[in-house]
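In: Pasting the sequence and the predicted model now:
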Number of protein chains: 6
Amino acid sequence: MLIGVIKTGNIASSLVLDLLLDERADRKDIDVRVVTSGAKMNPADCKEVANQILKLEPDLILYSTPNPSTPGPAKIIDMLEGKRAVIIGDAPGIKIKDRLEAAALGYIFVCADSMIGARREFLDPVEMAIFNGEMLKVLSITGAFRVVYEEIDRTIGAIANKKKYLPKVIIDSDVAVSRSGIKNPYARAKAKAAYEMAEKVGKMNIKGCFTEKEPEKYILTVASAHELLRAASMLADEAREIEKAGDEVKRGPHSPKGKILKKEGLMDKPQ
Amino acid sequence: MLIGVIKTGNIASSLVLDLLLDERADRKDIDVRVVTSGAKMNPADCKEVANQILKLEPDLILYSTPNPSTPGPAKIIDMLEGKRAVIIGDAPGIKIKDRLEAAALGYIFVCADSMIGARREFLDPVEMAIFNGEMLKVLSITGAFRVVYEEIDRTIGAIANKKKYLPKVIIDSDVAVSRSGIKNPYARAKAKAAYEMAEKVGKMNIKGCFTEKEPEKYILTVASAHELLRAASMLADEAREIEKAGDEVKRGPHSPKGKILKKEGLMDKPQ
Amino acid sequence: MLIGVIKTGNIASSLVLDLLLDERADRKDIDVRVVTSGAKMNPADCKEVANQILKLEPDLILYSTPNPSTPGPAKIIDMLEGKRAVIIGDAPGIKIKDRLEAAALGYIFVCADSMIGARREFLDPVEMAIFNGEMLKVLSITGAFRVVYEEIDRTIGAIANKKKYLPKVIIDSDVAVSRSGIKNPYARAKAKAAYEMAEKVGKMNIKGCFTEKEPEKYILTVASAHELLRAASMLADEAREIEKAGDEVKRGPHSPKGKILKKEGLMDKPQ
Amino acid sequence: MLIGVIKTGNIASSLVLDLLLDERADRKDIDVRVVTSGAKMNPADCKEVANQILKLEPDLILYSTPNPSTPGPAKIIDMLEGKRAVIIGDAPGIKIKDRLEAAALGYIFVCADSMIGARREFLDPVEMAIFNGEMLKVLSITGAFRVVYEEIDRTIGAIANKKKYLPKVIIDSDVAVSRSGIKNPYARAKAKAAYEMAEKVGKMNIKGCFTEKEPEKYILTVASAHELLRAASMLADEAREIEKAGDEVKRGPHSPKGKILKKEGLMDKPQ
Amino acid sequence: MLIGVIKTGNIASSLVLDLLLDERADRKDIDVRVVTSGAKMNPADCKEVANQILKLEPDLILYSTPNPSTPGPAKIIDMLEGKRAVIIGDAPGIKIKDRLEAAALGYIFVCADSMIGARREFLDPVEMAIFNGEMLKVLSITGAFRVVYEEIDRTIGAIANKKKYLPKVIIDSDVAVSRSGIKNPYARAKAKAAYEMAEKVGKMNIKGCFTEKEPEKYILTVASAHELLRAASMLADEAREIEKAGDEVKRGPHSPKGKILKKEGLMDKPQ
Amino acid sequence: MLIGVIKTGNIASSLVLDLLLDERADRKDIDVRVVTSGAKMNPADCKEVANQILKLEPDLILYSTPNPSTPGPAKIIDMLEGKRAVIIGDAPGIKIKDRLEAAALGYIFVCADSMIGARREFLDPVEMAIFNGEMLKVLSITGAFRVVYEEIDRTIGAIANKKKYLPKVIIDSDVAVSRSGIKNPYARAKAKAAYEMAEKVGKMNIKGCFTEKEPEKYILTVASAHELLRAASMLADEAREIEKAGDEVKRGPHSPKGKILKKEGLMDKPQ
C-alpha cells in the first residue's frame, strides 16, 4: 500500500510523521513517499507539492501543516476532496473541522503542537531545532504521537480490509494522556500538565509574533514561551522516569506486517 | 534559487535540514523542495525519489542519509555525480569520503548523529521520537547544526556569486564546539562532552543492533545507549543555560535575503 | 499609623500580606492588626471580621480575599466604601474592577494567585500547605509581591504626606516581571513563564473543581494543576539562581522608618 | 464550635494554622476567628490581640508565636491560663514547657520551624516570602503539619465529646517522620534529613542574627542558612516524588463533619 | 590471615581497596597492611614499597596500580611471581593479561577506572579530589566495586579452605552491571551507560594528556572528560535512586567472620 | 625530602592526603611513603604501622586518623612526640588539641570529615564507597582540602628553609569557605551550607551508631545521615557550577618544584 505524505510549513508532528509509521524501517505492508516545500507554504508551492503526491495515486494521503485555514493549505485541502486523506494540524486548524467533515476528509489536530517563537531577534536555526527537540519529547511522552500513529494505522488497516475509516480526532490533554499508556496516576498528572504547558506555548507565541509590536515586549514573550516548553519537556521527562522506575513503560512497536504489538516490562517480548 | 533535498532513511539532521535554511519561512532567495521515501532506503526507492528531485533541475541538491555506503544511497550518489550536490551523513558515511571527493561532491558528516536503538523489543514510535528529540537538542546546542547551515549557506552564496564552493567537513566534537559560538569555556567543555556522548551512542547501538544476538543483552545495550543520549541532552542543556546566565547566547538568524545575521545579548538587534 | 487587614478565605498573597510590609518586625511607622475568619467566607463571617477591623478606625484598610465578587466579600466591599482601603484579590476578582473604581477603592489583582485544587480526593492539609509553599515562591520571585508591597508602601507614604494615592493595578506577567528587579533577560523570560504557568493553574483548578463531575477526570485535572505549579516554582527558582550566579539579586528591605532601601550585590549595604 | 486563633510575630506554622483545620472551607463543625498584630510582638500589642480573641469566648484557643518565652508572648500565656488553649511554637519555646504544663496549657513545638535570616542586608520581603514558601514545603511533607492538625483535631474531638485532651508534643525529626505517613523507607530517610536540615537553619540564623557582629560574616551565615533551607525543601520534594512514583501518598482530608479521612492511591476514594 | 596491599600511583579503586574488605572495621578473619609510595611509581620506589610488604610474608598480596605495563609496576609484578597475588589495574593494564596468566597471578581490571585529566592548567588538588569522588560513585553504584570485593573475598575464602582460586576478571560494563545487584532494568541501563561514560573518560584524558599538544586544545579535552565523569556520576545516582524508590537496593555487608551477607529491603536484617 | 604518612582507620581526608601533595605525580622536591593498617586501629596495629614509618626517618610525618583520642591513635601520638609531625583528624579529635599543643605537634581538624553510618544493616562496601565519594566532593569544593594541602605545603616549605612551622588549624565552615577561593558570594553561601551539612552528618551518625539501640531507629538515622551528605554534595556541586558559569574557578596546581601556582580563567596559564 502506498502512503503519500504532503507537508507544508512545519509543525513538530510533521518532522516524524512518516517515521511514526515505520520506526525501524522493516514494515512490509506499506511504502511511503513524502514531498514538502520546506518552511514555506504559499498557494503555488502548496499546489505543486500536492500534485507531486497526487500523481503517484497513493492509497492514502496524509497532509500535515500548521494553520490549515490559510490560503496555501486551503488550496491543498480543496485538491484532496474526494480522496482518502487525513489532515494533521495544530490547534488553530480546529476551526476548519466542519469544512473537513463536509469534504469527508479525516483529521487529527494536535492541540499542543504549538507555533514557534518566530521573531528574528530570537529565532535562529539553533533555537528552532531546540524547540522542535523539546516538542518531540512532549508530544511523544504525553501520548499525542501514540494517538497519531494508532489512528493512521487503523486507517491503513481499514483500507487493507476494504472498510471505511478516517480519524476525526482533536488531541487535547485528556485525549493524549488517556491514550498515552502511562500507568502511574502522578505520571499521568505530570503528562497532562506538560501537554497543557505546550498548548499554552502556542498562545504565547501567537501573541509574541502577531499582537505585540515592541521588540522589548515580544522578545521577552517568545523567549518565555520557549522556556515554558523547556519546562514542559522536563515535566514530561519526569513522567516517563516514573514509568521507568516502575518498569511499566508501555511500548507499541510495529511488527513487519504493520501490526501494533504490545509490551510493558523492558525485558518482555512484544506480543 | 531552487534547493532540492533528497532524504532516505533517517538521521536527526534530516529532520530539520531544510528548516535550518529558513527557520522563519521568510527567506526570499531560495525555494526548497524535499522528497523522501520515509524510513526505507532500498535501491528502487532511492532511485525514484532522487529522480523526482533531479527532474526539477535544482541549483543545488542536498542529500541526507544514514550510512551512505549502502546500496540504496550509493545508487543516489552515482546519480548525483556531476551535479552540484552535498551529502549530509553520519559517522559510518566517512568511509566514502574519497569516493565523494573523486565525484566532486560536497559532504558534511555529523559524527554524533548516531544510529537509533532499532530493536523491536525496545524501539516503538514513541521511543523513536524521544530519541530524535534528544538528538536535536544535542546537535543544535553543541554546534553541529550551526556548521551544517553555515556550510550550506556558504554554498548557496557561492552559487549566487558564480563561485565554486562545496563543503568538505567532518563534524567531530572539536569542529562542532569551535563553531558553536559558545563563549564560556566550561560550557564549551560540557558541549564537547555531550557531543562525544552522542557519538558513543552510535557505537553502542551498532553493537546492540548488529553484534549482540541475545535479547537479554541487546535490549540492555540499546536501552543504555538511549539513556546515554538523554544524559548528553541534559549536559548540552547545562551548557546553554550557562550561556543564558551570561546573556551571551550567540544567535545567527537569517535575514530575508538569506544573510546570516549575528547577535549576542537577548535584547540586542541582529546585525 | 494603623493598618487594618481583613482576610477572608485564602489566597497565597493573604498568607504574607502583613509580613511583606515589615519583614523584620522593626518598622516604627506602622502598626498592623489582622482579623480573619479562617478559610470560610460567608456573608455573616465576613461582616463580623470587617467590623472588628473597622472598630479600630485604621488609617488604611487592606482586604485580601479570593473571588471578591461573591456575596461575602461583596458585603465587606460595601462596608469599605468611603474608607481608604485596598482590595487584594485574584484573577476572578478583576470583574469587579469597575465597581471598585466607582467606590473609590484601591485594588491589586494578582492574576497568578490561583485557586487551589479543592477536591476532597486530592486536597488534604498537607497538599494545601505544599501548594501555598510553591505559590509563595512563584509570587515572590516573579515580582508580584514586590508590586504588592511597593504599592501599599506608596499608599502609606501618601497618607503620611496627606496625599491621595490608591493603587489600581492588575498584576499580569508583564507587570510582575517588569517590576521584579530581575536583570538577566533569560531569567526574566523564565520568571514570566513561571507566572503564566501559575495563572494557568487557576484555570485548570476552576475546571477541575466546578466543571468536571467525574472523579476520574477531576482528580487528574487538579493533580495536574498542582504538578504545573510545582514546575512553575522550579522555573522561578531557576530564574533566581541565575540572578545569584551574577550576584545581581535586587533586594528592597524596609528601613525602620518604612523606606524601601535598595541593594544588589549580596555583600553591599542597602541604601 | 468556635476556635479562636491568636498569632504574634511569625513562624511558618502560623501562616497556615487555621487553614490546616479546614483546607477546603467546607467543614461544618467549627468556626474560626484569627487575630494578629502582624510581625510585631511587644507586650502591648500582644495583650490587645489576645483580648480581642478572649472576648469572643472561643471553645478552644490556639496561640502560635515564635519564641514564647519573650515578654509579649509570656503576657499572652498568662492571660490564657485556665482556658482550654494550645501554644504552637518553635524550638526556642521548648524551654517554657514546664511553665505550660504547670498552667495546664497544651503545646506543640515544631523544632524545624526555624527563625528567618533577619538581617537587613539580606532579608527583604521577597526573600522572606521565599523562605516561608520553602519552609511550608518542608513542614508539610516531612510530617510536622500532619502532627499539628491531627493533634488539634483530636482536641476538638475531645471538646465535642466532653473529654479532656490537650496536646503535649515536641515535634522533632523522629516524631514528624513517624507520623508523616511516608511509606518508602528511603523517602522517610530523606524526610528526616530534610527536617534536621530545617532545624539546623534555625541555629545558623540565631548565630547570624544575634552572635555575629561583622556584616561580612553574618550576611554569609544567614545566606547560607537560606541555602540550607532551599536544599531541605528539595530533599523533602524528593521524598514526596518517591511516594508519588509508588502511588502511595497518604492523604488525610477532612470530611464536612471534621473527621480526618484516609486514602492512599490517588484515584481512591477517601474513607 | 594477613593481606598485604601494595599501591603505586593512583586509580580510584586503590583509594578504597582495603576498606572494601572491611567496611565497618569489625572483621576478625583478616589483618591488612598497606604500603604506597604516593602518586609516584618509578622502579626504585616500586621496588622499595613491594619489599616492605613482602617482608611481612602476607598470605595474600593485592597490588593496585594504573597502567601495570610501565617499568615500575612491571618490576613489582616480577617480584610477585610465585606469590599468591592479585593485580588490580585499569583498562591500559589489560594488555599484560597474558604475562599475568603466565606468572600465575590473579588480576582484576576495572575498565572504567580511568586516567585523570593530568594537565597542570586544569588539575589541581581540588579538581583531583572531585574527580576521585565522582569516580567512586560510578564504580560503586555500577557494580565494579562489588566485583572487586567479591573476587577478593572468594580468594580469601579459598586460602582459608586450602583451595586454589585467583580472580581473572576484566570488568567491562556488562560484567559490572550483571553483578551490581541492580534490579530495575532501566536502572541497569543507566548504570551501564554511566560505566561506559567513565570508560570513555579515560580515552579522552589519554588524548588530552599525551596526544594533544596545544593548551587550547588539551585543556578543553581534559575539562570535557571531567564534565563527562560528572554526568556519569549523576546518571549512576539516578540508577540508585530508582532502586531506593523500589526499596530494592541490594546490600552485601561483611559479617565479623568475613562472610558476605545479603539483604534488600532497607529495614530487613542481613542474612 | 621524605614525607612519611601514617593512616589508621578511615576518614575521607585520608583517602587523598598524599595525592593532595602531588596531584600530577611530577613533583621533584618530595618523596612520600604511606603505611596503613586498613580499617582497623587497635593499639598493636597502630604501633606497628607507626614503626614502619619511623624507621624511614622521614623529614615530616603526617598522621591521619578518625577520633585520635582513642587508645590506638593515642599510642601513635605518643610515639610521634618530639618529631616534626602533623595530625590530621576529624571533629571528635578536637578534644586532644591541648595534648597536641603540649607535645609540639601540628594538627589539622576537618570538622566536616564525618563518621560514616557504620551499621551492618546499612553499610556495605558499596554504600561505604559512595559515602566517601560524596564526602570527597564536599571537602574539596568547600575549601577544606585547599586548607589541608596549603598548610602541609607551608610546613614542607618551612623545613626546606630551616624554619619552624607546624599547622594548628581547626577547619570549620568559616575557615574552609574563606580559603576556598570561591568568588561569587552565593556560591560561598552554598559551600558554607554544604560544609555545615556534612558536619551535621557526623552528629547524626554518632547518634545512629552509638546512642540508638533499636534497628528500626538507627537504620533510619544513618540512612538519613547519608541522604544529608548526598544533599550536601549536590549543594557543593551547585557552588562549583556557579564558579564555572563565571569562569572564575580558582585553581592551585603544584609546580614540579612544589610551589602552589595560581590561576582563575580556565584557559589561563597557571602563574
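Out: On my side now, so go ahead.
In: wait, A:Ile182 sits on A:Glu241?
Out: No. With contact defined as C-beta atoms under 8 Å, A:Ile182 does not count as touching A:Glu241 (11.5 Å). (C-beta placed from N, C-alpha, C; glycine too.)
In: More neighbours: these two, which one.
Out: Under the neighbour definition other C-beta atoms under 10 Å in any protein chain shown, A:Ile182 and A:Glu241 were set side by side, and A:Ile182 has more, 27 against 22.
In: ok, now which ones touch the more buried one?
Out: A:143, A:188, A:191, A:239, A:243, A:250 (C-beta atoms under 8 Å, 6 or more residues apart in numbering or on different chains).
In: possible to save these as a markdown table with secondary structure and distance to A:Gly117?
Out: Converted to a markdown table, the contacts of A:Ile182 look like this (DSSP: H, G, I helix; E, B strand; the rest coil; distance: C-beta to C-beta, whole Å):
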| residue | secondary structure | distance to A:Gly117 |
| --- | --- | --- |
| A:Gly143 | coil | 25 |
| A:Arg188 | helix | 29 |
| A:Ala191 | helix | 23 |
| A:Ala239 | helix | 24 |
| A:Glu243 | helix | 30 |
| A:Lys250 | coil | 33 |
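In: List just the nearest of those residues to B:Leu139.
Out: Of all the contacts of A:Ile182, A:Ala239 has the smallest distance to B:Leu139: 24.6 Å, by C-beta to C-beta.
In: That closest one contacts A:Lys190, correct?
Out: Yes. Between A:Ala239 and A:Lys190 there is a contact under C-beta under 8 Å: 4.1 Å.
In: between the two, who's got more neighbours?
Out: A:Lys190 (32 against 25).
In: tell me which element that one falls in.
Out: Using DSSP states H and E, A:Lys190 falls within helix A:185-206.
In: counting contacts, what elements does that helix pack onto?
Out: helix A:125-141, helix A:173-178, helix A:215-245, helix C:185-206, helix C:215-245, helix D:215-245 (3 or more C-beta pairs under 8 Å, 6 or more residues apart in numbering or on different chains; DSSP states H and E).
In: Of these, flag the one that's most buried.
Out: helix A:125-141 (a mean of 29; mean count of other C-beta atoms under 10 Å in any protein chain shown).
In: What residue in the stretch 51-200 of chain A comes nearest to chain E?
Out: Relative to chain E, the nearest point of the stretch 51-200 of chain A is A:Asn184 (11.2 Å; C-beta to the nearest C-beta).
In: which residues sit in contact with that residue?
Out: A:242-243, A:246, A:248, D:244-245, D:247.
In: For D:Leu220, state which of the residues you listed is nearest.
Out: D:Lys244 (35.8 Å).
In: Excluding chain neighbours, what is closest to that closest one?
Out: The shortest distance from D:Lys244 to any non-neighbouring residue, by C-beta to C-beta, 6 or more residues apart in numbering or on different chains, is to A:Tyr186 (3.8 Å).
In: got the residues of chain A near chain E?
Out: A:241, A:244-245, A:247, A:249, A:265-267 (C-beta under 8 Å from any C-beta of the partner chain).
In: if we can go back for a sec, chain center to the helix holding A:Lys190, what's the gap?
Out: Relative to its chain's centre, helix A:185-206 lies at 15 Å (C-alpha atoms, centre = their mean, to the nearest Å).
In: Rounded mean pLDDT for that helix, please.
Out: Averaged across helix A:185-206, pLDDT comes to 98.
In: what do you get for stretch A:212-226?
Out: On average, stretch A:212-226 scores 98.
In: now that stretch, how far from the centre of its chain.
Out: 25 Å.
In: what sits up against it?
Out: A:114, A:117-119, A:121-123, A:127, A:130-131, A:134, A:201, A:204-205, A:207-209, B:266-267, B:269, C:173-174, C:177, C:185-186, C:188-193, C:196.
In: Would you confirm that A:Lys164 contacts A:Ala158?
Out: Yes. Proximity of A:Lys164 to A:Ala158 meets the contact threshold set by C-beta under 8 Å, at 6.3 Å.
In: what sits against the closest residue to chain E within the stretch 101-250 of chain A?
Out: With C-beta to the nearest C-beta as the measure, A:Lys244 is the residue of the stretch 101-250 of chain A nearest to chain E, at 3.8 Å. By C-beta under 8 Å, 6+ apart, the contact set of A:Lys244 is E:184, E:186, E:242.
In: Identify, from those residues, the entry nearest to chain C.
Out: Nearest to chain C, judged by C-beta to the nearest C-beta, of the contacts of A:Lys244 is E:Ile242 at 19.9 Å.
In: Not counting its neighbours along the chain, what's nearest that closest one?
Out: Leaving out its chain neighbours, the residue that sits closest to E:Ile242 by C-beta to C-beta, 6+ apart is E:Ala187, at 4.1 Å.
In: From chain F, how far off is the one you found?
Out: 14 Å (C-beta to the nearest C-beta, to the nearest Å).
In: residues in contact with that residue?
Out: With C-beta under 8 Å, 6+ apart, E:Ala187 has these contacts: A:245, E:238-240, E:242-243.
In: could I get those residues as JSON lines with pLDDT and distance to C:Ile94?
Out: Below are the contacts of E:Ala187 laid out as JSON lines (pLDDT from 0 to 100; distance: C-beta to C-beta, whole Å):
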{"residue": "A:Ala245", "pLDDT": "98", "distance to C:Ile94": "42"}
{"residue": "E:Glu238", "pLDDT": "98", "distance to C:Ile94": "44"}
{"residue": "E:Ala239", "pLDDT": "98", "distance to C:Ile94": "49"}
{"residue": "E:Arg240", "pLDDT": "98", "distance to C:Ile94": "49"}
{"residue": "E:Ile242", "pLDDT": "98", "distance to C:Ile94": "45"}
{"residue": "E:Glu243", "pLDDT": "98", "distance to C:Ile94": "50"}
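In: out of the residues you listed, what pair is the most spread apart?
Out: Checking those with C-beta to C-beta, the most distant pair is A:Ala245 and E:Arg240, at 11.7 Å.
In: Please look at A:Ile87 and A:Leu105 and confirm they touch.
Out: Yes. At 5.9 Å, A:Ile87 counts as touching A:Leu105 under the criterion of C-beta under 8 Å.
In: secondary structure element for the residue nearest to A:Pro92 when sequence neighbours are not counted?
Out: Residue nearest to A:Pro92 in three dimensions, not counting chain neighbours: A:Asn67, with 4.8 Å by C-beta to C-beta, 6+ apart. Take DSSP H and E as the rule and A:Asn67 turns out to sit in neither a helix nor a strand.
In: Pop out the phi and psi values for A:Asn67.
Out: Note on A:Asn67: backbone dihedrals following degrees, to the nearest 10 are phi 40, psi 70.
In: what's the answer for A:Gly89, then?
Out: Dihedral angles for A:Gly89 - degrees, to the nearest 10 - are phi -140, psi -180.
In: How about the one 4 residues further on?
Out: Taking degrees, to the nearest 10, you get phi -70, psi -20 for the backbone angles of A:Gly93.
In: got a list of what the closest residue to it other than its chain neighbours touches?
Out: Closest residue to A:Gly93 apart from its sequence neighbours, by C-beta to C-beta, 6+ apart: A:Pro68 at 4.3 Å. A:Pro68 makes contacts with A:74, A:77, A:87, A:89, A:93, A:96, as judged by C-beta under 8 Å, 6+ apart.
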